[in-house]
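just a sequence and a predicted model for now, questions to come.
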Amino acid sequence: MTLDEIAARAAAHHLEILGGFATDGDEPGLPRGTRSLLLLGPCEPGYWPHLTAQPEWLDGAADPVDRWSRRVIGRMACDLRAKAIFPFGGPPYHPFYPWALRTGRSWDSPVRLLVHATQGLLFSCRGALALKQHVDLPPRTAKPCDSCARPCLTACPAGALTEAGYDVPACHSFLDSPEGQGCMTQGCAVRRACPVSRSYARLPEHSAYHMAAFQGRPTDR
């Protein structure tokens, strides 16, 4: 199975390969025999309309996005004789942050959030495929922050997310205020400030869903 063939299978579900790395088959934290790990995330445009038409979204049960991810990526893994790994369902949680850094397509941003080559600070990983064979990997690219004015550093209206770190209580408090409704309905202002994010076709409804979940509020479906 080639990388292009795996990418085509993912694209059928509006997912894309965000990056990957090779392993020696005996790496701690990965299924034994893993030779390649591929990270999967939303493929825009079209991901959110596709997902919200799926049974997991329409049945009214909890955690529709995670349940859909388990079904779709789990089925892909079975078809490829691979193992599916997910960033949710813990603790313990799998180390998706350092895995993303190893791909050469995601980096530690100035505000410490992951920044991706094409998704910017809107990076979102729905799961990973642990393959038993080596495949050609997506090419490494230059870090976009190296040639950027870094508007993310001053974009947080609450001053909660800066190069000094993330003040989670201050963020939650701001999002509960009238002034925070722009972030709640459009998505985090810091993530949206990234020039790469601005070129990525993520819908506000998608961001609003995850912001509501972050705040522990009911999510619209």
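Received, thanks.

quick one: low-confidence parts of the protein?
220-221 (pLDDT under 70).

tell me where this protein has helices.
Per DSSP state H, the chain carries helices over the ranges 3-11, 47-51, 55-58, 64-80, 96-102, 168-175, 181-186, 189-193, 195-198, 204-214.

in the fourth one, what counts as buried?
Residues of helix 64-80 classed as buried under the neighbour-count rule (16 or more other C-beta atoms under 10 Å) are 64, 65, 66, 67, 68, 69, 70, 72, 73, 76, 77, 80. For every residue, glycine as well, the C-beta is placed using N, CA and C.

so the third one makes contact with residue 74?
No - between residue 66 and residue 74 no contact is recorded; they are 11.5 Å apart, counting by C-beta atoms under 8 Å.

what touches both of the two?
When contacts are counted by C-beta atoms under 8 Å, 6 or more residues apart in numbering, the set common to residue 66 and residue 74 is empty.

re the thing from before, export the helices of the chain to a markdown table and append columns for distance to residue 34.
Below are the helices of the chain laid out as a markdown table (distance: least, C-beta to C-beta, whole Å):
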| stretch | distance to residue 34 |
| --- | --- |
| helix 3-11 | 15 |
| helix 47-51 | 26 |
| helix 55-58 | 27 |
| helix 64-80 | 12 |
| helix 96-102 | 11 |
| helix 168-175 | 33 |
| helix 181-186 | 38 |
| helix 189-193 | 31 |
| helix 195-198 | 29 |
| helix 204-214 | 29 |
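
go through those helices and pick out the most buried.
Highest mean neighbour count among the helices of the chain (mean count of other C-beta atoms under 10 Å): helix 189-193, with a mean of 22.

what lies in contact with that one?
111, 113, 120-122, 151-152, 155-157, 161, 182-183, 186, 197-198, 207.

again, only using 6 Å
111, 121, 122, 151, 152, 155, 156, 157, 161, 183, 197 (C-beta atoms under 6 Å, 6 or more residues apart in numbering).

of the residues you listed, buried ones?
Burial by neighbour count, judged by 16+ other C-beta under 10 Å, picks out 111, 121, 122, 152, 155, 156, 161, 183, 197 from these.

any idea how far residue 3 is from the fifth one?
Looking back up the chat, that one is residue 155. Distance, residue 155 to residue 3, by C-beta to C-beta, to the nearest Å: 35 Å.

so which of the helices of the chain is nearest residue 141?
helix 195-198 (10.9 Å; C-beta to C-beta).

which residues touch that closest one?
Contacts of helix 195-198 (C-beta under 6 Å, 6+ apart): 120, 121, 122, 144, 191.

what's the answer for stretch 115-134, then?
For stretch 115-134, with C-beta under 6 Å, 6+ apart as the criterion, the contacting residues are 22, 30-31, 33-42, 69, 73, 77, 82-87, 96, 105-107, 109, 113-114, 141, 191, 194, 196-197, 200, 202.
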